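Visitor: pasting the sequence and the predicted model now:
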Amino acid sequence: MATGRLGVEETLGALNTALGAGGPVWFKESRARHLRARDFLAPRRALQARFEDGQVPEAVVHAVLRLQGSGVAPVLRCEATPSGLALQLQRSAVFQRVLSSVAAYAAPAAPAARGPRVLLHCPSLRAAPCSLRLCQLRAVLVADHLARALHVHGVSVSLVPAVRDPDMSTLLQQLRVQWPSASAPASTEALWSRALAEFTSTDDKGALPPGVLGSVCLKELVEGRGRLAGYDPNLDNCLVTEDLLSVLAELQAAVQHWPDDTSPGQAAAPDAGVDSCMVVHVVSYEEEFQQQKLDLLWWKLDDDAPLRQKHVVCGPVKVAGVPSTLTAPEYYELRHAQVCKASALKHSRDLAQDPAWTETFRVLSVATIKFEMLSKAPQSQGYKRSVEQGLYPAFPPVSSLDFSLLREEGEWLLLFNSVLPFPDLLSQAAALDLTAPGLHIAAHAEMVCKFLVQLSMDFSSYYNRVHILTEPRPHLFGQMFARLQLLRAVREVLHTGLAMLGLPPLNYI
């Protein structure tokens, strides 16, 4: 039997190659009504542009039917339809390959290629938690999510700033945000000496605002360096303070002393060099202008500052029923109170003081907040209890399961739309176009949330319609075991997706 992980991207690549020279034509179906008849489609209009009269040569169709290669799913049939060239996979074979190696589909499609290390900087974490606005909270959650996505993808990541405010550490723990804390302040001596030499000669100490050490001109940087496309052309002077130099010193130290491990908060390692470092500033839209000044000041005062700095800008937050003036701690308390109230209505009693439910309510509150901010677990306890009671036999080896018994429409929908493409999703969630021109880059923080929402809907529909645990009759066990293995795959994907958001799975809600 063929081995190795199947992939949607690999299959699409092979299908497009089989059609000959030209751009990509095939696409993966995802809607349930289309998946009843086909898994991939080459649209009729695209084929008309590629082939005379839209007639695909018989040799090409045969090549599609014989597709092979690493990661390429086996084809059952390929035929012309009014919509175009429709292809269906050998579904039982795909079930067999995927569900026989579930863990492989809860990891990125490919490890990150050797490339730049990423320093993630979130200025919002320097705010006092009692004044942290919702737009800043979004920046914090996006930075945390991006750090997790990059870490899963094998990218070396360092996080700045280290959190020293105990109240901020408490809030981050409530929100299940992993971020380093309690590092010693970095020395500003070298930066101060360089800044002193750069202060404009017109600085009059008596005219400077309190706490300002001097002013540094940034105009020539904006006007004279092509790499600064995207920076505000109105940037002129930067008022330098001790706090600003401290921020630069921390960024400088983070670049020069990289963590031994990609996990947040690990001990520092010797100088790893700055040439391979990319700095990504995750900022709220209100903070970006000041961060642009900081970028330029870093280049001005430090000849070894990383050549590449990018901004992920988080826009304003509008949550229905939530005042825009709410602070992050108030927002958490509001959602927590709503979760407790909803539970009391559902269970006809107040469970907020029940220790068994305390952690569940906290997790649900954080999940609500993260899905609201980022989105612009099936369990089989019944089977385990039935095995203990002797109603069902123990779960057999996966290699002995007959996945041709998975014939329900919802079963293929779960595998084809959720389990099979999940490695590609993990890779896309960690994708940062570090070579893109200009200042700004996009972080795909919404992808995991949208995926989990759709997976939950598809699973709910299937689970409410199909009886997984059958009557304890031997002739029904084969289908039951195949379905349970599918649920294990869905659970693995769901748990990995939740972990990307810093959320543990819950056994009950």
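Guide: Right, received. Where do you want to start?
Visitor: what residue, apart from its backbone neighbours, is nearest Ser451 spatially?
Guide: Quick fix: residue 451 reads Phe, not Ser. Spatially, and ignoring its direct neighbours in sequence, Phe451 is nearest to Leu425 (5.7 Å; CB to CB, 6 or more residues apart in numbering). C-beta: built from backbone N, CA, C; applies to glycine.
Visitor: apologies, that question was intended for Pro421.
Guide: Computed as CB to CB, 6+ apart, the closest residue to Pro421 that is not its neighbour in sequence is Val8, at 4.7 Å.
Visitor: wait, doesn't that neighbour sit right on Asp424?
Guide: Yes - applying CB atoms under 8 Å as the test, Val8 and Asp424 come out as touching, 5.8 Å apart.
Visitor: who's more crowded, the two?
Guide: In this view Val8 and Asp424 are compared by other CB atoms under 10 Å, and Val8 has more residues nearby, 21 against 16.
Visitor: tell me which helix or strand in this protein has the weakest average pLDDT.
Guide: helix 381-388 (a mean of 65; mean pLDDT, DSSP states H and E).
Visitor: now do the buried residues in the one helix or strand Ala254 maps to.
Guide: Using DSSP states H and E, Ala254 maps to helix 242-256. Using 16 or more other CB atoms under 10 Å as the test for burial, helix 242-256 gives 244-256.
Visitor: spit out the contact partners of the residue nearest to Pro421.
Guide: For Val8, the contacting residues are Lys28, Leu420, Pro421, Asp424, taking CB atoms under 8 Å, 6 or more residues apart in numbering as the criterion.
Visitor: got the residues you listed as CSV, with distance to Tyr332 and secondary structure columns?
Guide: Putting those into CSV (distance: CB to CB, whole Å; DSSP: H, G, I helix; E, B strand; the rest coil) gives the following:
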residue, distance to Tyr332, secondary structure
Lys28, 39, strand
Leu420, 36, coil
Pro421, 33, coil
Asp424, 33, helix
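Visitor: still on that earlier bit, direction included, what does whichever helix or strand comes after the helix holding Ala254 pair against?
Guide: Sequence order places strand 277-284 as the next helix or strand after helix 242-256, per DSSP H and E. For strand 277-284, sheet partners with direction are given as strand 117-121 (parallel), strand 308-314 (parallel), following DSSP bridges.
Visitor: what lies in contact with the shortest one?
Guide: Read it as strand 117-121. Under the contact criterion CB under 8 Å, 6+ apart, strand 117-121 has outside partners 143, 146-147, 150, 155-161, 251, 254-255, 258, 272, 276-282, 306, 432.
Visitor: restrict it to CA atoms and write it as PDB.
Guide: Taking only C-alpha atoms (Å, rounded to 0.1, in the frame of the first residue of the first chain), the coordinates of strand 117-121 have been written out as PDB:
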ATOM      1  CA  ARG A 117      14.100  34.100  12.700                       C
ATOM      2  CA  VAL A 118      11.100  36.200  13.800                       C
ATOM      3  CA  LEU A 119      11.100  38.700  16.600                       C
ATOM      4  CA  LEU A 120       7.400  39.500  17.500                       C
ATOM      5  CA  HIS A 121       7.000  42.800  19.200                       C
END
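Visitor: next one: that strand to chain centre, how far?
Guide: 15 Å (CA atoms, centre = their mean, to the nearest Å).
Visitor: swap in stretch 320-327?
Guide: The answer for stretch 320-327 is 26 Å, by CA atoms, centre = their mean.
Visitor: now do the buried residues in it.
Guide: Quick answer for stretch 320-327 (16+ other CB under 10 Å): Leu326, Thr327.
Visitor: distance of Cys449 from Pro316?
Guide: Counting by CB to CB, to the nearest Å, the gap between Cys449 and Pro316 amounts to 18 Å.
Visitor: please identify which of the two sits among more neighbours.
Guide: Between Cys449 and Pro316, counted using other CB under 10 Å, the more crowded position is Cys449 (20 against 12).
Visitor: check the secondary structure at His444 for me.
Guide: His444 falls in the coil class when you classify it by DSSP: H, G, I helix; E, B strand; the rest coil.
Visitor: grab the nearest non-local neighbour of it.
Guide: Beyond its immediate neighbours in the sequence, the residue positioned closest to His444 (CB to CB, 6+ apart) is Ala429, lying 5.5 Å away.
Visitor: again, but for Glu286
Guide: With CB to CB, 6+ apart as the measure, Cys135 is the residue that lies nearest to Glu286, at 6.1 Å, once sequence neighbours are left out.
Visitor: what stretches of the stretch 301-450 of the chain score poorly on pLDDT?
Guide: In the predicted model, the stretch 301-450 of the chain carries pLDDT under 70 at residues 348-353, 375-386, 388-391.
Visitor: circling back to that earlier point, next SSE downstream of the least confident helix or strand of the chain?
Guide: The next secondary structure element downstream of helix 381-388 (using DSSP H and E) turns out to be helix 409-414.
Visitor: who's in contact with that following helix?
Guide: Outside helix 409-414, the residues that reach it (CB under 8 Å, 6+ apart) are 32, 35-36, 91, 95, 406, 455, 458-459, 461-462, 465-466, 483, 486, 490.
Visitor: for the stretch 101-250 of the chain, just list every one of the helices.
Guide: Read by DSSP state H, counting those that start in this stretch, the stretch 101-250 of the chain holds these helices, from start to end of the chain: 134-152, 166-174, 189-198, 219-224, 242-256.
Visitor: count the neighbours of Lys450 for me.
Guide: A count of nearby residues for Lys450, using other CB under 10 Å, gives 15.
Visitor: same question for Arg66.
Guide: A count of nearby residues for Arg66, using other CB under 10 Å, gives 9.
Visitor: give me the phi and psi for it.
Guide: The phi and psi values for Arg66, taken as degrees, to the nearest 10, are phi -100, psi 20.
Visitor: for it, give me its contacts.
Guide: Listed by CB under 8 Å, 6+ apart, the contact partners of Arg66 are Val75.
Visitor: excluding chain neighbours, what is closest to Thr368?
Guide: Per CB to CB, 6+ apart, closest to Thr368 is Arg335, 5.0 Å.
Visitor: which strands or helices does the longest helix seen in the chain pack on?
Guide: Of all the segments of type helix in the chain, defined by DSSP state H, the longest one is helix 474-500. Judged by 3 or more CB pairs under 8 Å, 6 or more residues apart in numbering; DSSP states H and E, the packing partners of helix 474-500 are helix 91-99, helix 134-152, helix 409-414, helix 422-429, helix 446-465.
Visitor: how many other residues sit next to the nearest residue to Val448 once chain neighbours are set aside?
Guide: In space, not counting the residues next to it along the chain, Val448 is nearest to Met500; the distance is 5.0 Å by CB to CB, 6+ apart. Residue neighbour count, defined by other CB under 10 Å, stands at 26 for Met500.
Visitor: then Glu288?
Guide: Applying the criterion other CB under 10 Å, we find 19 residues in the vicinity of Glu288.
Visitor: who are the contact partners of the nearest residue to it once chain neighbours are set aside?
Guide: When the adjacent residues along the chain are set aside, Glu288 lies closest to Val313, with 5.4 Å between them (CB to CB, 6+ apart). Val313 sits next to Val283, Ser284, Tyr285, Glu288, His440 when contact means CB under 8 Å, 6+ apart.
Visitor: so what would you say the end-to-end distance of stretch 322-334 is?
Guide: Taking CA to CA, to the nearest Å, the span from the opening residue of stretch 322-334 to its closing residue is 9 Å.
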